[in-house]
Every structure is written in C-alpha cells, then in structure tokens.
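Asker: Next input, structure requested:
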Amino acid sequence: MGLPVAVVAVTLCAAVLTGAVSGKTAPLRPADARGAGPTDAPAIANGRVVAAGGPTFAWSEVTGAPSPGPRVDAGLVYDTTDGYLLLFGGEHYGTIPSSDYNDTWTFQGGHWTNVTHPADAPPQGTGFMMADDPADHEVVLFGGLSAHNQVLNDTWTYAAGTWTNVTAAVGAAPPATFWGSMSYDNATGTVVLFGGQTGFTESLDYTNATWSFHDDRWTNLAPPRTPSARISSSLAYDPAAGALLLFGGMNYTAGPLNDTWTFGSGTWTEVPTTGAPAPVWGAGLVFDPAVGAPVLYGGTPAENYDVYTLASGVWTGSDAAPNPGQTLGEVLMAFDLADGYAVLEQETLTYANVTWALSVGGAPPPALTVTASAAPLSGATPLIVHLASTVAGGTPPYTITWQFGDGSSPLSGDPASAGNASHTYAASGAFSLNLTVLDSGSHSFAQNWTIEASAPTLELSISATPNPAAPNATVAFTSHPSGGAPPYTYLWTFGDGATATTRNASHAYLAVGSYLARLVVTDQSGATTSSTVAVTIANGTSPAGAGSTPAAYYYLAGAGAGAVALLLAAVVYRRRRAPPPAASAPPPPAGPP
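Answerer: Down below sits the predicted model:
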C-alpha cells in the first residue's frame, strides 16, 4: 500500500481562449494576449534537481460517477470541520456561451457527491478565493467574477453543508478582487488573502495587498515588505517553515514568476532557492504529510509535468508517470486528510473531466466503493426500514455503522453482520439515518437518509345507550379512539348545552326531542377527529331504552286485558242476578194397591 497522498484537483483549459470564443467577455491575463515572450521559456530552463532517495510519486486515474462537470477557476479546499474535500463553482469553456457554475460537491472515500442547495449558495462565478478556516469551523469564500463579469467582494462561509452570506457582517472588507491567493495560516489561526486583480486595467489593477480573516472580520495587515503585485500565485502553509509559502504567479510587467516567499510574524520574506520550477502561474501547492514537505504541480505555461517538493531551500523535481498531461489554467490542489491521497479534477483540452490521484510510494488502493439503500423512507409507525449495503475496493477489512437517529443504539460490525439489516421506528417524527463505512486504510464513506415516520391515522367511533330514551333517563355515551399519538383529550357536546371531558360520559336529557351528540378527540400532536350520534328522547319511552318493547304494545296489551276483565265481571254479575229456579212439583200420588 502506498503512503498517503495529496488531493489535487486540476482544472485545465487552453489559456489562449478569449471571451469571444467562450461567449463571455472575460478579462485576460497578460500572457494570454501578448504572445511569445518570457512566458514561452522552456519548462526546465531553471534546471531540475533530482535528489537521490527522494520521494516517488505516481498518478492514478480514479474518475467515477457521479463527478463534477469539467471546469476552470473553481475552488477546492479540505474542510477540516466537516471532514471532506469541498469543490465549488467555476466555469466551463466547452460551451458557447461558457457556463458558470455555483454547484457544491464533496469528495470523500474516493467518491464525489453533489450537495448543491441553489437557494443558499453563492452566485455563479469564477476566479474567487476559497480557504478552510479550522479555527472558526468554516470554509471562507471571497470575491471572484460573476457570470456577468462583475468583480465581487462578497464574503461567504460554508459549514455543515450550508453556505451563508456574511458580507454585511464582516466590516471593512478587501476591495472587489479575483484571481488572488488565499490559505489558512496555522501560525496565527487566520485566513490570509494575498494579491489578485481588482479591475480590468491589468497594468493598474494588479495588487500585492495582504489581508487576514478571523471571527468573520477582515483586517488589512499592510506588512512592511511584500512580493510584487501579482495574480494566481500558489499559497499554502508549510509546517516545516512555520509560515505560509508562496510561489510564482503572474506579474503584469514580468510575466510568469518563479520566486519563493514566506509570510510569518507579520511580514513577507523572499526565500533563496535552487532548482526552482519554471515560471508559472496557477500551479497547485499543498503540504503533503507523507513527504513532510510542500508539493507543487503544474501551472501555466504547462510544459512541465514534474511534481516538485521544497526542502531546505531546494526544489526537487520528480517524474510521476503516467501524468495527467497538459495542465493549462488554474490547478486546484488540496490535501485530503480524511482519505490520505491526492485527487486531480481536470478539464482536458477536449472538455472532459478526469479525476486523478497523486500518491507517494506507488499507486493508491482502489477507491472504496459502497452501494447502499434504505426503504421505505416514510410510512406509519411502527415503520420497519430495510437496510442494505455492499462494499468493495479500499483496504479490507471494513467496519459498517448504522446510526438510526431515534435514540436507539447504533448497529456496527463487518459486512456480514451489519451490511444488511432492518430497524423499526416506533415513534413518529423525522429521523436522520446515517451509514458510515471505514476501511483499514482510513478511507471512509458516508450516506444519509431522512426517515419520515408518521403516527397511524386518528380514528373514532361512539355509541349511546339507551337510544331512544325517556326524559330524565340516563344515556351512557361510549367512545373508541385509535391511532394518532396518544394520550388523547376529549370534549363531548350533547346538543342541549351540556358538555363533558372524559372518554366515556353519561347524560340525562330533560325534554323530549332529537339531539345530536358530538365527541372531538385530540391527540398529543394536535391532530383531531370527531364523531356524532343522534339521540331521540320521547314520552312514554321505557327507561329500558333501545331494544325494549314499544309503549304502544303495552297500551294495547293493557287495553285488551282490561276488556277481558270487564267481560268476566259482567258474567259474574249476571250469574249473581239470575232468579232462583222454580220449586219442583210434588211427586204424583201413589196408585191403588
């Protein structure tokens, strides 16, 4: 396995393109318009020092999908707080008119991810300056050219996935500037901005001002000594020197430069060196911990593809084959501390985009590749979400961790034990589901989903017994709520002005009539539902209520019974009033013997 490498994003485009070709009236660097001259010096005119036993670099193409579209003059930094490379904006010359971007991408674990939120992003533009600010836990973006060729002095910050325009809060800011250089100064804990161009009259508008940014405030440092006014110089912090390191750039009079400076203790100091690269502007410069030295690559004019390191005042060139080829335009370079290797995002002369890795000691391992899914992402509780993941590349073994965002314990293990799983969301709400995959080479992959778990629909039924009922009879009302988010609150209205607030209630109606009883149930989330029941109150109604024999039945039955009783009484009476029976005749006399 190779040693960690720097992440390099190189954006290239033919420097001879003009505004007429791109469809945009872009200001030209002097070398673009003046033709032959000092800018055409051979790339190794200053010699090349190759130290015995020096570092061995290798380029490896790691282009994947999705990836940022081809572009020049974008911004690329390592976001220390959020733990990934951050790419923003730029311009694509492969279309007429040219296309200006304001998209935001992250690079982590060998993969690009589009995290653009257009509503809160800086405007489309190019030529701005961007730097990580770990002291203030943010990335800082300043100035640049808008899509309409307006020179800007806006200040934006990026943190936790969100861009914020802080222009109104930063106080006195640098003048509107583009093509300057900006880097974090570890020694002072501030972001430092140097040079750039403030307008379209190049002979007058190149600057060598030095500003710092901290706690969202700009300060004009006005050091006693500075490099000459220039654009597109390379700037990075060198821990070995304990100072910012600046190389090259473009001066309007002298053309491309190859001088070396440091900025420390509030002043600039020119550093005598040997073996310096040829004069260039827009080269990439980072400090590579694997080498323990600053690493420089590319720039314009791009006739040299060596990778240079600086140590003890000596620039050392090293072949790195295969190499990305011609590197015209700004080279964006940032060391990826999370992944520990270098990525080059390049717009080729055929307007393609290619991502490269620059490694020390050999090619890096294959990129860590993760395919993951979570489904369903929404539904009623209890919501069962099925999780799946497959892992390849990187350096095994892998550790997979699922964090569910609902207070339950994470699930962590190898792909066999944690790669595929399920989780039940019992409570309703919005939850952040996070997957993190780590390999043994400190490469990482992360993906997030939002889970929307909703309570079941709040439902209700009610009943009243007896119904119908007699006046003053007690009617029992019963409710059956379900779903929603218990506990519930209750409000009964019985239709006669009376109310109750219990789940089940009793009520007696005083007057005959029809009444509409209603119950409204509210759950703890504020959701409500209601149900009604019609109650009939009638005279002569048995208190037994619904299901008993109707009163008319008893009336008729009673009347019938009364009639029978009267009939029987009449019969008895007649029997009592009947005349006694006649006396029987005496027997006839007996006949003669």
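Asker: and the gap between residue 481 and residue 475?
Answerer: 20 Å (C-beta to C-beta, to the nearest Å). Yep, even glycine has a C-beta here, placed from its N, CA and C like the rest.
Asker: And for stretch 448-455, what's in contact with it?
Answerer: Applying C-beta atoms under 8 Å, 6 or more residues apart in numbering, the contact partners of stretch 448-455 are 374, 377-381, 383, 385, 405, 425, 427-435, 483-485, 523, 525, 527.
Asker: From the residues you listed, list just the buried residues.
Answerer: Buried members of those, counted by 16 or more other C-beta atoms under 10 Å: 374, 381, 383, 385, 405, 425, 428, 431, 433, 435, 483-485, 523.
Asker: Return the closest of these with respect to residue 338.
Answerer: residue 435 (16.0 Å; C-beta to C-beta).
Asker: what bridges to the closest one?
Answerer: With DSSP bridges as the criterion, residue 435 is bridged to residue 402, residue 447.
Asker: and it, what does it touch?
Answerer: 370, 372, 374, 387, 389, 400-402, 445-448.
Asker: If we use 7 Å, what do you get?
Answerer: 372, 389, 402, 446-447 (C-beta atoms under 7 Å, 6 or more residues apart in numbering).
Asker: same deal with residue 366?
Answerer: 393-394.
Asker: Now do the SS call for it.
Answerer: Residue 366 falls in the coil class when you classify it by DSSP: H, G, I helix; E, B strand; the rest coil.
Asker: nearest to residue 104, of the buried ones among the contacts of stretch 448-455?
Answerer: residue 435 (21.0 Å).
Asker: Now do that closest one against residue 494, distance only.
Answerer: 55 Å.
Asker: next one: residue 418
Answerer: 58 Å.
Asker: again, but for residue 234
Answerer: Taken as C-beta to C-beta, the span from residue 234 to residue 494 is 83 Å.
Asker: Residue 424 now?
Answerer: For residue 424 relative to residue 494 (C-beta to C-beta), the value is 42 Å.
Asker: who's in contact with the residue nearest the centre of the chain?
Answerer: The C-alpha lying nearest the average C-alpha coordinate of the chain belongs to residue 161 (C-alpha atoms, centre = their mean; 6.2 Å). By C-beta under 7 Å, 6+ apart, the contact list for residue 161 reads residue 115.
Asker: Tell me the confidence at it?
Answerer: Here the pLDDT value assigned to residue 161 is 93.
Asker: Also residue 417?
Answerer: So, for residue 417, pLDDT stands at 94.
Asker: now residue 215: how far from residue 172?
Answerer: 14 Å.
Asker: what about the closest residue to residue 530 other than its chain neighbours, how many neighbours?
Answerer: Excluding its sequence neighbours, the residue lying closest to residue 530 (C-beta to C-beta, 6 or more residues apart in numbering) is residue 520, at 4.6 Å. A count of nearby residues for residue 520, using other C-beta atoms under 10 Å, gives 14.
Asker: Show me how the record splits the protein into domains.
Answerer: Following automatic domain parsing, the chain resolves into domains at 7-34+58-360, 369-454, 459-537.
Asker: Return the most buried member of these.
Answerer: Of all the domains of the chain, domain 7-34+58-360 carries the top mean neighbour count, a mean of 20, counting by mean count of other C-beta atoms under 10 Å.
Asker: centre of the chain versus that domain, how much separation?
Answerer: Distance of domain 7-34+58-360 from its chain centroid, counting by C-alpha atoms, centre = their mean, to the nearest Å, is 26 Å.
Asker: Show me where the stretch 1-150 of the chain dips below the pLDDT cut-off.
Answerer: 1-54, 94-97 (pLDDT under 70).
Asker: Let me see the ranges of the strands in it.
Answerer: 7-10, 57-61, 75-79, 84-92, 99-108, 111-114, 125-126, 129-133, 138-146 (DSSP state E, counting those that start in this stretch).
Asker: In JSON lines: those, plus distance to residue 338.
Answerer: Output for these, formatted as JSON lines (distance: least, C-beta to C-beta, whole Å):
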{"stretch": "strand 7-10", "distance to residue 338": "9"}
{"stretch": "strand 57-61", "distance to residue 338": "18"}
{"stretch": "strand 75-79", "distance to residue 338": "8"}
{"stretch": "strand 84-92", "distance to residue 338": "6"}
{"stretch": "strand 99-108", "distance to residue 338": "6"}
{"stretch": "strand 111-114", "distance to residue 338": "12"}
{"stretch": "strand 125-126", "distance to residue 338": "27"}
{"stretch": "strand 129-133", "distance to residue 338": "12"}
{"stretch": "strand 138-146", "distance to residue 338": "15"}
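Asker: closest to residue 466 out of the ones you listed?
Answerer: strand 111-114 (67.5 Å).
Asker: Summarise which helices and strands that closest one is packed against.
Answerer: In this structure, strand 111-114 makes packing contacts with strand 99-108, judged by 3 or more C-beta pairs under 7 Å, 6 or more residues apart in numbering; DSSP states H and E.
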